[in-house]
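In: Build me a model:
(2 chains)
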Amino acid sequence: MSKTPITIQALWKQIGFIAIAAAIGGCSAATSTTPSTGKDQSTEAGAAPAVELLNVSYDPTREFYQDVNNEFATEWKQKTGQTVTIKQSHGGSGKQSRSVIDGLEADVVTLALAYDIDAMAERGLIPADWQKKLPDNSSPYTSTIVFLVRKGNPKQIKDWDDLIKPGISVITPNPKTSGGARWNYLAAWGYALEKNNHDEAKAKEFVTNLFKNVPVLDSGARGSTTTFVERGIGDVLIAWENEAYLAVNELGKDKFEIVNPSLSILAEPPVTIVDKYTDKHKTREVADAYLQFLYSKKGQELAAKHSYRPRDKEVLKAHTPAFPEIKLYTIDEWFGGWTKAQKDHFSDQGIFDQIYKP
Amino acid sequence: MRKSLRNRGFLPGFGMTMGYTIIYLSLLVLIPLSVLFLKASTMSWEQFVGTILDTRVLASIRVSILSSFFAACVNAVFGVLVAWVLARYQFFGKRIIDGIVDLPFALPTAVGGIALTSIYAENGWLGQYLAEWGIKVAYTPLGIWVALTFIGLPFVVRTVQPVLQDWDLQMEEAAATLGATRWSTFIRVILPHLLPAIITGFALAFARALGEYGSVVFISGNMPLKTEIVPLLIMTKLEQFDYAGATAIATVMLVASFVMLLIINYLQWRINKFDAAR
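Out: Take a look at the predicted model:
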């Protein structure tokens, strides 16, 4: 016993000592760092203190918001003399929403579906009626679901009915993992509803047949675009209009063309300020102005430039050749809003799971 | 005094280092993982069982375990081969090849997945020739296996290589003087000594493959019931803000890998004991 140099007590003493040291280190580190989003970094003397916003968005909006941020910062500087820097964060819409819920301090969120923002409201980050605070369902720009086919449209795909024909290979991402894919799925469902006098069973059969023609379910929209464009798999890609334009413009007008179906869904990617964090950062005023800017003529022009359909009638009209008229319906009209659509179709044991039951 | 806490040698610093080890492991491993159990425990037992026994979850567990197992098997065989070449022969460019082995370690796995998919897709470099034979790799379980073999490659090589490098050539010479052929020397003298290292490498490659997400989602095609892996289903649950469901699946995988590591440690201990007894 006396030979043992270390006793349990001594061991605990060591552990305790280290723990205390770590705690002290942690505290001093915490007090010495200032939050990077604080307003207190003043620039030149006399000017209003600089301010920083964090916009948490989803994948395909990266380039769009780069433009918006530059324009808005210039405008804000002219109006108030204050320098505003807007940081961007991009990723899958659902993943981005979870990051904010788990503590990523976003001042504004601009996501792919209202469901992902509803999840924040459920956890008390924003009020439940967030979608009524800004015009047009809080969606300053919209999009729709179209088809991308190979040049010359070799399989003669004109409308949704062509997608369920045997031998047609359809590429769309997995609705369980991709917010964008949920719009695709609902667009097909809505078409089948309309065609069959709103017979749910017929719609289910239609969508089941459609998914029988899907050889690959990528986890995200960009992955599906890659599968279709780079790997050469599939006869048709179901995609957001802006993604389809991006593929055509970036990868060659000589390789792909866009087909507009006779009926599609109005995709409304919503935006909102996150009250909990704007209150904390005292950035509500500038965050509000930032979102309002999206509705301004300039913001609408930028949306059109990046192939999102502007809400502003005049701006939309100015870009009509790019946005041909498609008969569109909203998710509220036919699916009773996102929360219900999510529950009916995409939750576990929901309709999408039934489609895939053996 | 309990034996396990006694300082067996004359080296000082046991208390200090042990304290560090425990705190370090707690902060990085034990506390985060126990939160997993905590989250999963917000479900009722029926919900938990319902989540786990869902057809899709079961199918994905099957896909994950089988493809990880086969990938680890292939790595166990060809990893030894690579380690053998690196340890026993001198040749031009050896250092480069030695470095290449670690690439799957260092590379973001998504990059590896995209690269593998573009090569093995039907219009890819290799995929088009395989397609002529009617073999589809990308977007099938075969593709998952390829990706998991890729990310598991370094484990067997890096565990077996040092053992081979420290290998005492006198043992082989002794075997030769006793009339053993090269082959039987390998099978009966060298291989038994390598076995613990191979098993460790196999276990590491297997465990790594079970949790792999980035490289697989690109090449698997993610077809429900066919090519969905467990990590994808966990992501799916998270996408629905179903934290409890996600952690339930994660817990099952955690317990499974823990049990597996225990079994393999036991096997290793048996082999070592058997080896020492000889």
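
In: So for B:Ser4, what's the pLDDT?
Out: Note on B:Ser4: pLDDT of 54.

In: My guess is B:Phe218 contacts A:Ser224. True?
Out: No - counting by Cβ atoms under 8 Å, B:Phe218 stays clear of A:Ser224, with 11.2 Å between them. Using the backbone N, CA and C atoms, a C-beta is placed for each residue, glycine as well.

In: Please identify every residue contacting each of the two.
Out: Residues touching both B:Phe218 and A:Ser224 (Cβ atoms under 8 Å, 6 or more residues apart in numbering or on different chains) are A:Asp218.

In: what's downstream of the helix or strand B:Leu142 falls within, the next helix or strand?
Out: Per DSSP states H and E, B:Leu142 falls inside helix B:141-165. Note on helix B:141-165: by DSSP H and E, the next helix or strand toward the C-terminus is helix B:169-177.

In: Excluding chain neighbours, what is closest to A:Tyr185?
Out: Sequence neighbours aside, A:Pro175 is the residue nearest to A:Tyr185 in space, at 4.6 Å (criterion: Cβ to Cβ, 6 or more residues apart in numbering or on different chains).

In: any idea how far the one you found lies from A:Asn242?
Out: For A:Pro175, the distance to A:Asn242 equals 19 Å [Cβ to Cβ, to the nearest Å].

In: follow-up on the earlier one: now do the helix holding B:Leu142: distance to the chain's middle.
Out: 8 Å (Cα atoms, centre = their mean, to the nearest Å).

In: Contacts (any at all) between chain A and that helix?
Out: No - between helix B:141-165 and chain A, judged by Cβ under 8 Å from any Cβ of the partner chain, nothing touches; the nearest distance is 10.4 Å.

In: tell me the phi and psi of A:Asn213?
Out: phi -90, psi 0 (degrees, to the nearest 10).

In: oh sorry, the question was meant for A:Val170
Out: phi -110, psi 130.

In: State the helix or strand in which residue 99 lies.
Out: Answering for chain A, as no chain was given. Using DSSP H and E, A:Ser99 falls in helix A:93-101.

In: The intended chain is chain B.
Out: B:Gly99 belongs to helix B:94-100, assigned by DSSP H and E.

In: Can you tell me which helices and strands the helix or strand just after that helix packs against?
Out: Along the chain past helix B:94-100, the next helix or strand (assigned with DSSP H and E) turns out to be helix B:103-106. When contacts are defined as 3 or more Cβ pairs under 8 Å, 6 or more residues apart in numbering or on different chains; DSSP states H and E, helix B:103-106 sits against helix B:141-165.

In: burial count for the closest residue to chain B within the stretch 251-358 of chain A?
Out: With Cβ to the nearest Cβ, the shortest gap between the stretch 251-358 of chain A and chain B falls at A:Tyr356, namely 4.2 Å. A:Tyr356: 17 surrounding residues under other Cβ atoms under 10 Å in any protein chain shown.

In: same check, this time on B:Asn75
Out: 29.

In: so how far is the strand ranked longest in chain A from its chain's centroid?
Out: Longest strand of chain A, by residue count under DSSP state E: strand A:141-150. The chain centre lies 15 Å from the centre of strand A:141-150; the measure is Cα atoms, centre = their mean.

In: what about it and chain B, touching?
Out: No - against chain B, strand A:141-150 shows no contacts by Cβ under 8 Å from any Cβ, the least distance being 12.7 Å.

In: list the helices and strands that strand packs on?
Out: helix A:179-195, strand A:236-240, helix A:241-251, strand A:256-259, strand A:263-267, strand A:309-310.

In: Between these, which has the poorest mean confidence score?
Out: Among the helices and strands packed on strand A:141-150, helix A:241-251 scores lowest, at a mean of 88.

In: Determine the angle, from 0 to 180 degrees, between that helix and helix A:179-195.
Out: On the basis of axes from the mean of the first three to the mean of the last three Cα atoms, to 10 degrees, helix A:241-251 is oriented at 120 degrees to helix A:179-195.

In: Could you pull out the helices in the stretch 151-278 of chain B for me?
Out: Counting by DSSP state H, counting those that start in this stretch, the stretch 151-278 of chain B has helices at residues B:169-177, B:182-185, B:191-211, B:214-220, B:230-239, B:243-277.

In: Any idea which of these gets closest to A:Leu294?
Out: When the helices of the stretch 151-278 of chain B are compared by Cβ to Cβ, helix B:230-239 sits nearest A:Leu294, at 25.9 Å.
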